[in-house]
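K.L.:
following is a predicted model, sequence given first.
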Amino acid sequence: MAIAIWTALGAQCGATHPSPSGTAVPGGGSGPRGRVASNILRADYAGSDSCAGCHADIYEAWRESPMRRMTRVPGGADIHAPFDAGGGAGAGATFRFKDDTARLVTRDGARYVELSSAQYGDHRYRVTRVIGGRYREDFAGIEVGGADARELLLPVSYVFETRSFRLKGYSVLVGERPGLRAGGVWSETCVFCHNTVPYFDALWGDLSGPGAPTYQGTVVDRLLPSDRRWRFEVAGGRGEEGLREAVVAEVSAVGGTPPRAGDDRREALAHGIRELRARFGARNFVEIGIGCEACHGGSREHVADPRVHPDFAPRAPFLEARRETGGEITRAEQVNRVCARCHQVLFSRYPYTWEGGARRGGNPGGSSITSGEARDYLMGGCARQMSCATCHDPHTEDRRADLERLATTAGNAVCVRCHPQYAPAPALAAHAHHDPAGAGGSCIACHMPKKNMGLGYALTRYHRIGRPDDPARVEHDRPIECALCHVDKTVADLVGTMESWWGRKYDRAALENLYGSLQARPLNATLMRGKAHEQAVAVTVLGDARRAEALPGIAHQLANPFPLVRYYARRAFDGMVSRPCPVDLDRATPEIIAAVRGCVPEAFPAAGEPTPAATPEKRRARADESDED
């Protein structure tokens, strides 16, 4: 049943059909097949309530979805975090981080976060926004009695999986933080992806070109390989004039000063970006949370005349979108790039990506934590033929059972729509080299391995659909993906088998550089030698496999320089030890090490003895550095 629904969704979204507009998505005039002429400007949006009359079932499903609840005002919201009514010391209402505390209290119907910090002082914030709600909740608030009336991101997250608090910055790969203090300005950091805003505002940096001032929500392309990038261009005719008029209208709408009459395009857009940063706020949303038009584009023309259809491609009279390397833009790509407007990020300034890439390099690899799935998918082998909506229903919350079914051989029904030659069991067995009815016969087991860090403390699937024998993955990533299931095999065993199956030849020197020895087990060696995101994979898989010999190395990762990895290590560690170990990951690193040493002495041996796992050098955070960018 679920597969049929996903298949229908994929077909509805044009998963295998090219865009009617061919090589470019023009903006001027009526769209092909009666599509809207413009869908990115503030005047193009009608609001989700306009959809209810004709799309009642979808509208009602969306109303209860995580998308719609991505940002909420606290009054009347269903909040999971334990704000203790009356301000008493209720269980779970106080988060202790090092020597600082955050108390979550409710007084007279309002919620507050009260911070007490030896380094940053005492501050009290009235909660004005609740962010998220599927895996965790974050908060923004205004300081009570403070001179700054801006809404600031508060330094506490509530994680549903463990029903516990965590420093907000530790949801990404950042270094250790010294204490509790409010972070960035909410309206300047995360509102473009957690709410519905005119998509035009996210295009200004790309239309301006290199060197434009930075701002939230910019398009995905700078983090894509050149053959997957789009280029947004100003159309001919009145294009430049139309763009300038649109910038003036939007800057005026947010209460800013329009660019000067003599400014060229670059100057006008740079001025506009600075005005958005200074003035854009909740009053300028199309709507709070992720509404229908955040994905479907501004649809006022469609509301006025249902025969004029919405369009996933960005459209305006002055705008054209093209593939940087030419060729058609498929309907699937249009849908996937809508998802990638938000699910694109390589959070934090952590420098490494998958495939041995560098975040700031010219050809970065895939993201290692959740929220980059759509960008990763755009880099994979199916992005031009199949849309995200083939497997995920964006109008409601995916049921866990349905997603788990996709990871079985039943889920192969999605893949054989384009790869029918692997539908017969004998053909699948020959292709996968595994029992076609077993776990190894699932397409995504090998083509979408679980090696990304989720919003909870479990691994999620890497959405860059590719091959496990890809030399870029085998020779530059740790661990070899086959080791995620074949824990006992050595590097030599695995690559030898892969070479015999697929006719590959791998660089033994590169593999020895990664693992130290061809006789090493990839997961154990990754624990010893890997980068932080690779170590998170190793601790999780080894912990799930209950590998006793890995316990000291896993325990060592409880003090990983990147605190997010510590939580993965804690989950693995707790599942392996027979009695509780009193390790508080919210204490300073020396205290964590002392506590671990009391339970597993070999995790941190005496001076001069080898440690069980090396950890990457900690990069020092700048004082003004945001945890997310």
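P.N.:
Nice, I can see it. Numbers count the residues shown, from 1 in each chain.
K.L.:
check which residues of the one helix or strand Arg166 maps to are buried.
P.N.:
If you go by DSSP states H and E, Arg166 is part of strand 164-167. Neighbour-count burial for strand 164-167, counted by 16 or more other Cβ atoms under 10 Å, picks out Phe165, Arg166, Leu167. (C-beta placed from N, C-alpha, C; glycine too.)
K.L.:
partners of it in the sheet?
P.N.:
strand 156-159 (antiparallel) (DSSP bridges).
K.L.:
averaged pLDDT, the partner strand. What do you get?
P.N.:
For strand 156-159, the mean per-residue pLDDT is 96.
K.L.:
one more: stretch 466-479?
P.N.:
Rounded mean pLDDT across stretch 466-479 is 95.
K.L.:
CA atoms only for stretch 417-435, dumped as PDB, please.
P.N.:
Extracted in PDB, the C-alpha atoms of stretch 417-435 (Å, rounded to 0.1, in the frame of the first residue of the first chain):
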ATOM      1  CA  ARG A 417      10.500   1.300 -12.000                       C
ATOM      2  CA  CYS A 418      13.700   2.600 -13.700                       C
ATOM      3  CA  HIS A 419      15.800  -0.600 -13.300                       C
ATOM      4  CA  PRO A 420      13.300  -3.400 -14.300                       C
ATOM      5  CA  GLN A 421      16.200  -5.700 -15.200                       C
ATOM      6  CA  TYR A 422      16.700  -6.300 -11.500                       C
ATOM      7  CA  ALA A 423      13.100  -7.200 -10.600                       C
ATOM      8  CA  PRO A 424      13.600 -11.000 -11.200                       C
ATOM      9  CA  ALA A 425      15.200 -12.700  -8.200                       C
ATOM     10  CA  PRO A 426      18.000 -14.400 -10.100                       C
ATOM     11  CA  ALA A 427      19.000 -11.000 -11.700                       C
ATOM     12  CA  LEU A 428      18.900  -9.300  -8.300                       C
ATOM     13  CA  ALA A 429      21.000 -12.100  -6.800                       C
ATOM     14  CA  ALA A 430      23.600 -11.700  -9.500                       C
ATOM     15  CA  HIS A 431      23.600  -7.900  -9.200                       C
ATOM     16  CA  ALA A 432      23.700  -7.700  -5.400                       C
ATOM     17  CA  HIS A 433      25.700 -10.900  -4.700                       C
ATOM     18  CA  HIS A 434      23.400 -11.500  -1.700                       C
ATOM     19  CA  ASP A 435      20.300 -13.500  -1.100                       C
END
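K.L.:
show residues contacting that stretch.
P.N.:
7, 10, 16, 382, 385-386, 412, 415-416, 436-437, 440-441, 443, 446, 501 (Cβ atoms under 8 Å, 6 or more residues apart in numbering).
K.L.:
if I look at the residue minimising distance to the centre of the chain, what pLDDT would I see?
P.N.:
The centroid of the chain falls nearest to Ser371 when counting by Cα atoms, centre = their mean (0.7 Å). pLDDT recorded at Ser371 is 88.
K.L.:
quick revisit: output the very next helix or strand once past the strand holding Arg166 as CSV, restricted to C-alpha atoms.
P.N.:
As assigned by DSSP H and E, the chain's next helix or strand after strand 164-167 is helix 186-189. C-alpha atoms of helix 186-189 as CSV (Å, rounded to 0.1, in the frame of the first residue of the first chain):
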residue,chain,number,x,y,z
TRP,A,186,16.4,34.3,15.4
SER,A,187,15.2,36.4,12.4
GLU,A,188,18.7,36.5,10.9
THR,A,189,19.6,32.8,11.2
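K.L.:
for helix 186-189, what is the distance to the chain centroid?
P.N.:
Its chain's C-alpha centre and that of helix 186-189 lie 17 Å apart, by Cα atoms, centre = their mean, to the nearest Å.
K.L.:
what's the average pLDDT for the next helix or strand after it?
P.N.:
Using DSSP H and E, the next helix or strand after helix 186-189 towards the C-terminus is helix 191-194. The average pLDDT within helix 191-194 is 93.
K.L.:
what are the buried residues along the helix or strand that helix 191-194 is followed by?
P.N.:
Downstream of helix 191-194, the first helix or strand assigned by DSSP H and E is helix 204-208. Within helix 204-208, the residues that count as buried by 16+ other Cβ under 10 Å are Trp204, Gly205, Asp206, Leu207, Ser208.
K.L.:
next one: stretch 411-419
P.N.:
Gly411, Asn412, Ala413, Val414, Cys415, Arg417.
K.L.:
again, but for stretch 452-460
P.N.:
Asn452, Met453, Gly454, Leu455, Gly456, Tyr457, Leu459, Thr460.
K.L.:
tell me the bridge partners for the last one.
P.N.:
By that I understand Thr460. Asn452.
K.L.:
hmm, back to that, just checking, which of the buried residues of stretch 411-419 belong to helices?
P.N.:
Among these, the members falling in helices (DSSP state H) are Asn412, Ala413, Val414, Cys415.
K.L.:
tabulate the residues you listed (a markdown table), appending pLDDT.
P.N.:
Listed next are these as a markdown table, based on pLDDT from 0 to 100:
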| residue | pLDDT |
| --- | --- |
| Asn412 | 96 |
| Ala413 | 96 |
| Val414 | 95 |
| Cys415 | 96 |
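K.L.:
redo those as JSON lines? Include distance to Ser38.
P.N.:
As requested, these are arranged in JSON lines below (distance: Cβ to Cβ, whole Å):
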{"residue": "Asn412", "distance to Ser38": "41"}
{"residue": "Ala413", "distance to Ser38": "39"}
{"residue": "Val414", "distance to Ser38": "34"}
{"residue": "Cys415", "distance to Ser38": "37"}
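K.L.:
which of those lies closest to Arg126?
P.N.:
Of all these, Arg126 sits closest to Val414, with 46.8 Å by Cβ to Cβ.
K.L.:
how close does the closest one get to Arg228?
P.N.:
To Arg228, Val414 is 22 Å away according to Cβ to Cβ, to the nearest Å.
K.L.:
what of Pro310?
P.N.:
Relative to Arg228, and taking Cβ to Cβ, Pro310 is found at 24 Å.
K.L.:
could you list the buried residues of stretch 512-529?
P.N.:
Leu514, Tyr515, Ala520, Arg521, Pro522, Leu523, Asn524, Ala525, Thr526, Leu527, Met528, Arg529.
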